[in-house]
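Return a 3D structure for these sequence lines:
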Amino acid sequence: MQLANYLSGETYSLKELESLIEKVQKIDLNELINDKQKMAFWINVYNGLINYRIVKNELRKSIWEKPGFFTETCLSIGEFSFSLDDIEHGVLRKNGERRNGKPRQFDPSDNRLGLMVEQMDFRIHFALNCGSVSCPPIAFYNASKIEQELTLAEDGFSASEFIVNHETKTVDCSSVFIWYRNDFGQAYLNDSELSRYTIKERPYVWEIQ
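As a prediction, the model looks like this:
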């Protein structure tokens with residue numbers, strides 16, 4: 001279900017967006033049998049819901065105009081309900097550690113644990129768009145092509161948002177690489193070659209793009 005057709009430049013009324021979400025809510029999540037299908041589905045849904053919530057709440061400057069933008073329940077599929085945080089930090093990040101001391105998204109008894117990806121792929125951070133200027137660009141993801149698509153997303157984002165200067169021994173990077181540093185394994189800021197480099201964090205611009 002392509003929830004985010006606005007990627008092609010199309011615009012939707014609130015009624016049309018709600019109609020798309022109604023169709024998504026009829027999806028049988030048991031049909032998502034592997035990580036490629038799960039990632040493609042949930043990335044597209046996340047990006048589409050971002051657009052919907054911006055339109056619905058008539059946001060003009062930033063997503064922070066709407067309290068609870070990421071934490072409010074905004075989607076129900078079968079017996080399950082989801083906020084944007086549930087999708088990102090619970091399902092796609094496989095309930096990974098949160099920054100700033102926040103608890104993991106799903107507690108041990110949460111019935112949504114069974115919906116998570118089997119292996120967290122850090123490239124999701126280059127695919128999820130929260131509607132802000134500093135976010136990665138949006139694309140529509142297809143399960144059969146997601147390996148190539150995520151690689152393209154990573155290459156595009158890191159080329160401009162992770163700049164290493166070996167002469168000055170500095171790394172000028174997006175906050176994404178700092179916020180989710182633990183997700184990146186031995187890559188990016190965890191690369192041993194960069195262990196003594198100075199990290200310069202770029203201010204994250206939350207203005208709606």
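
for the protein, which spans come out with low pLDDT?
1-12 (pLDDT under 70).

how about a cut-off of 80?
Confidence mapping of the chain against pLDDT under 80 gives the ranges 1-14, 16, 209.

center of it, which residue is that?
For the chain, the residue sitting closest to the mean C-alpha position, by Cα atoms, centre = their mean, is L128 at 2.8 Å.

so that one makes contact with C135?
Yes: counting by Cβ atoms under 8 Å, L128 does reach C135; the two are 7.5 Å apart. All C-beta spots, glycine's among them, are computed from the backbone N, C-alpha and C.

what about dumping the CA coordinates of the helix or strand that E147 is a member of to CSV?
Assigned by DSSP states H and E, E147 falls within helix 146-161. Extracted C-alpha coordinates of helix 146-161, given in CSV (Å, rounded to 0.1, in the frame of the first residue of the first chain):
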residue,chain,number,x,y,z
ILE,A,146,14.9,-2.6,-0.5
GLU,A,147,18.5,-3.6,-0.3
GLN,A,148,19.4,-1.4,-3.2
GLU,A,149,17.1,1.4,-2.1
LEU,A,150,18.4,1.6,1.4
THR,A,151,22.0,1.6,0.1
LEU,A,152,21.1,4.5,-2.2
ALA,A,153,19.5,6.3,0.7
GLU,A,154,22.6,5.7,2.9
ASP,A,155,25.0,6.9,0.1
GLY,A,156,22.9,10.0,-0.5
PHE,A,157,22.5,11.1,3.1
SER,A,158,26.0,10.3,4.3
ALA,A,159,27.7,12.0,1.3
SER,A,160,26.4,15.4,2.5
GLU,A,161,25.8,14.7,6.2
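
Would you mark the buried spots in that helix?
146, 149-150, 153-154, 157-158, 161 (16 or more other Cβ atoms under 10 Å).

what packs against that helix?
Applying 3 or more Cβ pairs under 8 Å, 6 or more residues apart in numbering; DSSP states H and E, one finds that helix 146-161 contacts helix 35-56, helix 175-179.

So which of those is nearest S13?
S13 lies closest to helix 35-56 among the helices and strands packed on helix 146-161, at 8.3 Å (Cβ to Cβ).

the inter-axis angle of that closest one versus helix 146-161?
Helix 35-56 and helix 146-161 are oriented at 50 degrees to each other (axes from the mean of the first three to the mean of the last three Cα atoms, to 10 degrees).
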